[in-house]
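Asks: compute the structure for the input listed below.
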Amino acid sequence: MDLRSELLKSIWYGFTALDLEKSGKVSKSQLKVLSHNLCTVLSIPHDPVALEEHFRDDDDGPVSSQGYMPYLNKYILDKVIEGSFNKENVDELCWTLTAKKNYQPDRSSSTILPEIDAFRLWCLFNFLSEDKYPLVMVPDEVEYLLKKICMAMSIEFNCVELEDFFSQDSVHLGGITVWAFLELMNSGKINRGIDKSVISMAIEEVYREIVGDVLKEGYLWKKGQLRRNWKERWFTLRPSNLSYYTGEDRKECQGNIVLDGNCCVEVLPDRDGKRCMFCLKTLSKTYEMSASDTKQRQEWTTAIQTAIRLYVEGKKSLHKDLKLKRREQRDQREKRRQAKEEELQRLRALQEERERKLAELELLKEAQKQAQVLLEQDEQRRRQQHEQLQRALEVQLREAEEARVSMQAEMALKEEEAERQRKRIQELEEMQKRLEEALQQEIKARLDEEAFRYAQAGLLAEEEEKMKALMNLQEEQEEYILKTQREKQELKQEMEAKSRALEEAQRQLEEVRANRHRVDQDVVAAQRKLRQASTNVKHWNVQMNRLMRPIGPGGMCPVCMTKFKAFLPFIQSVVTLFLLRVGVNILQLLSVSQKEDNGVGWVDVIFDTPFCRSAS
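Replies: This next block holds a predicted model:
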């Protein structure tokens with residue numbers, strides 16, 4: 001039973017609850033509310049306009065081609081994604097709609113179940129009911145569910161009360177409705193004298209086992225993965241995972257172990273002060289656990305192996321599989337019952353046929369007696385006729401003997417002709433066999449030729465592909481060779497250019513060294529000239545001091561003195577210009593080496609002024 005079928009069962013109750021007149025029709029306003037609520041609990045977007053466009057009134061009811069069913073399939077169920085919503089919310093919505101109308105128990109009775117237990121029984125009924133509408137549960141499934149509940153309460157199931165209930169008029173169409181089932185549970189016949197809390201716990205346990213796909217629950221000691229200490233946890237096993245919590249209220253989940261085909265369970269020897277140990281191995285981790293006793297360990301290992309087997313077989317629920325198996329067993333029992341009925345009918349027909357034949361046999365005996373008398377009379381007449389015929393036959397025998405002789409001669413000729421025809425037929429048959437063999441050989445040869453042609457075509461195609469690949473490789477190789485040659489040529493040119501540059505650099509280095517040597521000589525000469533110029537400057541200073549020494553009275557006439565003073569600035573400027581010219585030449589000689597290295601000498605920068613240029 002897939003998810004769509006499960007949802008349709010719950011939605012059917014909600015739809016029929018809105019159908020107050022039981023005509024198969026519901027107003028559009030109610031359908032809009034129902035559709036909006038379904039979209040909300042199913043976590044899908046709701047399109048209110050689509051209901052107006054696709055819903056049409058029809059007398060055939062909710063599953064007609066123009067009714068609510070096409071809209072429900074196209075705009076709601078087709079958009080449902082498994083795992084994106086909580087199915088219990090859908091069940092609660094549909095239960096709320098249908099319980100207001102159909103579930104009205106006598107609240108004053110002490111045996112009335114709480115609302116939550118009635119809801120869980122309703123969900124269990126939907127799960128175990130037949131996939132036909134209106135939904136009913138066959139007696140075998142009712143007995144199975146009641147046995148599960150009684151087993152959870154640790155009481156013995158009373159089959160007599162159930163048989164009395166099935167004999168009533170409330171059972172129709174080979175099963176009971178959910179409201180009749182709830183009435184049975186509220187009547188107290190099954191759970192007479194049992195506390196309501198015990199019944200509620202049993203119903204919850206069966207609900208979690210069947211509807212919630214819980215294979216087993218209980219406390220186990222688990223060894224930690226990091227601290228390696230033992231802690232007691234409440235474990236819940238489902239076909240796809242094994243979850244463990246801090247307590248049985250399942251409010252705080254401590255971990256979830258995903259079960260798949262790579263998992264396995266092994267029994268471990270007692271150690272670390274723990275007994276009844278076993279481990280669950282996955283691809284990434286190994287979980288060590290300890291049960292309270294050997295029976296619990298056996299039950300847990302068997303349950304985990306069952307969960308792994310369900311995963312390997314691609315089954316999501318154990319009870320869905322068990323339900324299908326029980327249905328198959330019921331079908332087989334029904335088939336065997338029908339076969340037995342057919343066999344009994346056949347035996348009765350054979351008995352009737354036997355009696356009829358015995359009566360016919362008696363009639364035949366009476367007729368035989370009468371026939372015996374008639375036979376004796378006929379025998380006398382036949383003897384007389386025989387004698388007459390014998391005489392006539394003797395005459396005919398002589399005639400026949402004569403005819404036989406002639407016939408034998410004719411038959412001999414016919415036999416010879418037939419023998420020749422048989423030989424001809426054998427020859428034709430042998431020729432036909434040879435022709436068939438030749439035809440088979442020709443067909444086989446043609447098939448072999450066709451196969452060879454296909455193989456040759458495949459080889460040619462493969463050869464063509466390989467040739468194309470070879471050509472591509474050859475083109476790539478040629479391109480790579482050309483590229484390598486170009487790179488080699490460029491590298492050769494670059495090496496030649498670098499060689500020329502190196503030779504030029506060596507030549508320039510030699511010239512620089514020669515210039516440096518000449519500059520050193522020029523510097524030495526310049527230093528010598530500087531010393532000589534310094535000597536000359538000292539000499540001129542002495543001469544200037546002599547010339548500038550004041551002339552005493554009577555030594556020079558006033559007119560000469562006036563002329564000398566007028567000529568004195570000119571003499572000083574000439575001497576200054578001379579000294580500047582000598583200093584510039586010396587500094588230019590000293591900056592030759594720096595000018596060769598950097599291109600511009602610092603003396604050029606210093607003396608590149610209008611004054612120095614005019615002085616030089």
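Asks: and Q426, how many neighbours?
Replies: Neighbouring residues of Q426 were enumerated by other C-beta atoms under 10 Å; the total is 10. Quick note: C-beta positions are derived from backbone N, CA and C, even for glycine.
Asks: confirm that H46 sits in a helix.
Replies: No - inclusion of H46 in a helix is not indicated when DSSP: H, G, I helix; E, B strand; the rest coil is applied; the result is coil.
Asks: give me the phi and psi angles of D19.
Replies: phi -80, psi 80 (degrees, to the nearest 10).
Asks: next, the residue nearest to it when sequence neighbours are not counted: secondary structure please.
Replies: On the basis of C-beta to C-beta, 6 or more residues apart in numbering, the spatially nearest residue to D19 that is not a chain neighbour turns out to be V26, at 5.4 Å. Of the three states, V26 takes coil according to three-state DSSP.
Asks: separation between the residue positioned nearest the centre of the chain and K101?
Replies: For the chain, the residue sitting closest to the mean C-alpha position, by C-alpha atoms, centre = their mean, is G314 at 13.4 Å. From G314 over to K101 the distance is 40 Å, taken as C-beta to C-beta, to the nearest Å.
Asks: R233 pairs with what?
Replies: On the basis of DSSP bridges, R233 is bridged to L220.
Asks: and it, what does it touch?
Replies: When contacts are counted by C-beta atoms under 8 Å, 6 or more residues apart in numbering, R233 is found next to Y219, L220, W221, K222, Y244, Y245, T246, Q254.
Asks: related to what we said a few turns ago, separation between the residue nearest to the centre of the chain and S240?
Replies: Spatial separation of G314 from S240 under the definition C-beta to C-beta is 12 Å.
Asks: how about the secondary structure of the residue nearest to the centre of the chain?
Replies: Here G314 is recorded as coil under three-state DSSP.
Asks: phi first, then psi, for it.
Replies: Main-chain dihedrals, G314, degrees, to the nearest 10: phi 80, psi 20.
Asks: check E478 too.
Replies: The phi/psi pair for E478 (degrees, to the nearest 10) reads phi -60, psi -40.
Asks: around it, how many other residues sit close by?
Replies: Going by other C-beta under 10 Å, the residues that sit close to E478 add up to 10.
Asks: do N186 as well
Replies: Once other C-beta under 10 Å is used to define contacts, N186 is seen to have 20 neighbours.
Asks: look up how far V519 lies from Q329.
Replies: When C-beta to C-beta is applied, the distance between Q329 and V519 equals 121 Å.
Asks: higher neighbour count, those two?
Replies: Of the pair Q329 and V519, V519 is the one with more neighbours under other C-beta under 10 Å, namely 19 against 11.
Asks: name the element the more buried one belongs to?
Replies: When secondary structure is defined using DSSP states H and E, the element that contains V519 is helix 318-547.
Asks: tell me how far A371 lies from P48.
Replies: According to C-beta to C-beta, A371 and P48 sit 93 Å apart.
Asks: give me the helices and strands touching the helix or strand harbouring V206, please.
Replies: Using DSSP H and E, the element containing V206 is helix 196-210. For helix 196-210, the elements it packs on are helix 115-128, helix 139-152, judged by 3 or more C-beta pairs under 8 Å, 6 or more residues apart in numbering; DSSP states H and E.
Asks: gap between the last one and the chain center?
Replies: Read that as helix 139-152. 38 Å (C-alpha atoms, centre = their mean, to the nearest Å).
Asks: likewise stretch 131-148?
Replies: So, by C-alpha atoms, centre = their mean, the centroid of stretch 131-148 is 36 Å from its chain's centroid.
Asks: would you mind listing the buried residues in that stretch?
Replies: L135, V136, M137, V138, P139, E141, V142, E143, Y144, L145, L146, K148 (16 or more other C-beta atoms under 10 Å).
Asks: got a markdown table for these, with distance to R348 too?
Replies: What follows is those, written out as a markdown table (distance: C-beta to C-beta, whole Å):
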| residue | distance to R348 |
| --- | --- |
| L135 | 38 |
| V136 | 33 |
| M137 | 35 |
| V138 | 29 |
| P139 | 29 |
| E141 | 34 |
| V142 | 34 |
| E143 | 32 |
| Y144 | 35 |
| L145 | 39 |
| L146 | 38 |
| K148 | 41 |
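Asks: and the pLDDT for the closest residue to F119 other than its chain neighbours?
Replies: In space, not counting the residues next to it along the chain, F119 is nearest to W95; the distance is 5.1 Å by C-beta to C-beta, 6+ apart. W95 carries a pLDDT value of 89.
Asks: return the residues in contact with W95.
Replies: W95 is in contact with S10, Y13, F119, W122, C123, counting by C-beta under 8 Å, 6+ apart.
Asks: now these in a markdown table, with neighbour count and distance to L428?
Replies: Below are those laid out as a markdown table (neighbours: other C-beta atoms under 10 Å; distance: C-beta to C-beta, whole Å):
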| residue | neighbour count | distance to L428 |
| --- | --- | --- |
| S10 | 22 | 79 |
| Y13 | 21 | 81 |
| F119 | 20 | 88 |
| W122 | 23 | 84 |
| C123 | 24 | 82 |
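Asks: now those as JSON lines including pLDDT and distance to Q408?
Replies: Supplementary listing: the contacts of W95 in JSON lines, determined by pLDDT from 0 to 100; distance: C-beta to C-beta, whole Å:
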{"residue": "S10", "pLDDT": "86", "distance to Q408": "98"}
{"residue": "Y13", "pLDDT": "85", "distance to Q408": "98"}
{"residue": "F119", "pLDDT": "89", "distance to Q408": "105"}
{"residue": "W122", "pLDDT": "90", "distance to Q408": "101"}
{"residue": "C123", "pLDDT": "90", "distance to Q408": "100"}
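Asks: of the residues you listed, which is the nearest to K488?
Replies: Of all those, K488 sits closest to S10, with 82.2 Å by C-beta to C-beta.
Asks: so the closest residue to the closest one other than its chain neighbours, which of the three states?
Replies: The spatial neighbour of S10 that comes closest, neighbours along the chain excluded (C-beta to C-beta, 6+ apart), is C94 at 4.0 Å. Following three-state DSSP, C94 is assigned to helix.
Asks: thinking again about what came up before, among the helices and strands packed on helix 196-210, which comes closest to T484?
Replies: T484 sits nearest to helix 115-128 of all those, at 77.2 Å, using C-beta to C-beta.
Asks: got a list of what the closest residue to I210 other than its chain neighbours touches?
Replies: Across the structure, with C-beta to C-beta, 6+ apart as the measure, the residue nearest I210 apart from its sequence neighbours is H319 (4.7 Å). Shown here is H319, whose contacts under the criterion C-beta under 8 Å, 6+ apart are F127, E209, I210, D213.
Asks: nearest to Q390, of the residues you listed?
Replies: F127 (94.4 Å).
Asks: thought that closest one was touching I210?
Replies: Yes - when contacts are counted by C-beta atoms under 8 Å, F127 is listed as touching I210 (5.9 Å).
Asks: the more surrounded of the two?
Replies: I210 (23 against 20).
Asks: how much space separates the more buried one from M201?
Replies: Using C-beta to C-beta, one obtains 15 Å as the distance from I210 to M201.
Asks: so K315 makes contact with D213?
Replies: No - taking contact to mean C-beta under 8 Å, the distance of 10.4 Å between K315 and D213 leaves them out of contact.
Asks: who touches both of the two?
Replies: Overlap between the neighbourhoods of K315 and D213 consists of P239, taking contacts as C-beta under 8 Å, 6+ apart.
Asks: between the two, which one's more packed in?
Replies: A count of neighbours by other C-beta under 10 Å puts D213 above the other of K315 and D213, at 18 against 13.
Asks: how about the secondary structure of that one?
Replies: Of the three states, D213 takes coil under three-state DSSP.
Asks: which residues does it contact?
Replies: Counted by C-beta under 8 Å, 6+ apart, D213 has contacts R238, P239, K316, S317, L318, H319.
Asks: R238 is in contact with the third one, correct?
Replies: This means K316. No - taking C-beta under 8 Å as the definition, K316 is not a contact partner of R238, at 9.4 Å.
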